[in-house]
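[1] When you get a sec, could you give me coordinates for this:
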Amino acid sequence: MTTPLAAAQPGVTQPDAAQLGRAQPGKAQPGLTTVADRAVGRIAGRAAMEVPDVLDCAVTARVTGGVATLDARLDLRYPAPVASTAARVRAHLVERVAALTGLRVSVVDVSVGVLRADTAPVRRVQ
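    Modelled structure (predicted):
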């Protein structure tokens, strides 16, 4: 709901914040959507799995205002290039989390936990 503003004229009082629909300190803002830290972490975890060579991912998120910080722990396919894969994951998380949640991502920390071979080991019979 929007309220038109009257031009400032001498002798005419201006509407207060409640009449304009502005938020007052300590009052809830109707129409404001907040996204929980856990939800942002799950969204980021799914987004990280979209990057090639990522086999598993656990992301923790911290949301303050409209800004999110992410901490991602990745399991990568061996022999994936670790540095470039981490850079791709970082860029992808910034883009996807912003698109899906409307939050600005300020920091993405990426750590690699495990490098796993893509295939099962071959057993030899002697």
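[2] Relative to Val108, how far out is Ala91?
    Going from Ala91 to Val108 by Cβ to Cβ, to the nearest Å gives 9 Å. No exception for glycine: its C-beta is placed from N, CA and C like everyone else's.
[3] Show me which of those two is the more surrounded one.
    More neighbours surround Val108 than the other of Ala91 and Val108, with 22 against 12 (other Cβ atoms under 10 Å).
[4] Touching, that one and Glu95? I think so.
    No - assessed by Cβ atoms under 8 Å, Val108 is found out of contact with Glu95, at 10.7 Å.
[5] Show me what whichever helix in the chain runs longest is packed against.
    Assignment by DSSP state H gives helix 82-101 as the longest helix of the chain. On a contact count with 3 or more Cβ pairs under 8 Å, 6 or more residues apart in numbering; DSSP states H and E, helix 82-101 meets helix 37-48, strand 54-64, strand 67-78, strand 104-117.
[6] ok, now with 7 Å
    helix 37-48, strand 67-78, strand 104-117 (3 or more Cβ pairs under 7 Å, 6 or more residues apart in numbering; DSSP states H and E).
[7] for that helix, which positions count as buried?
    Across helix 82-101, burial judged by 16 or more other Cβ atoms under 10 Å covers 85-86, 88-90, 92-94, 96-97, 101.
[8] Cool, thanks, signing off.
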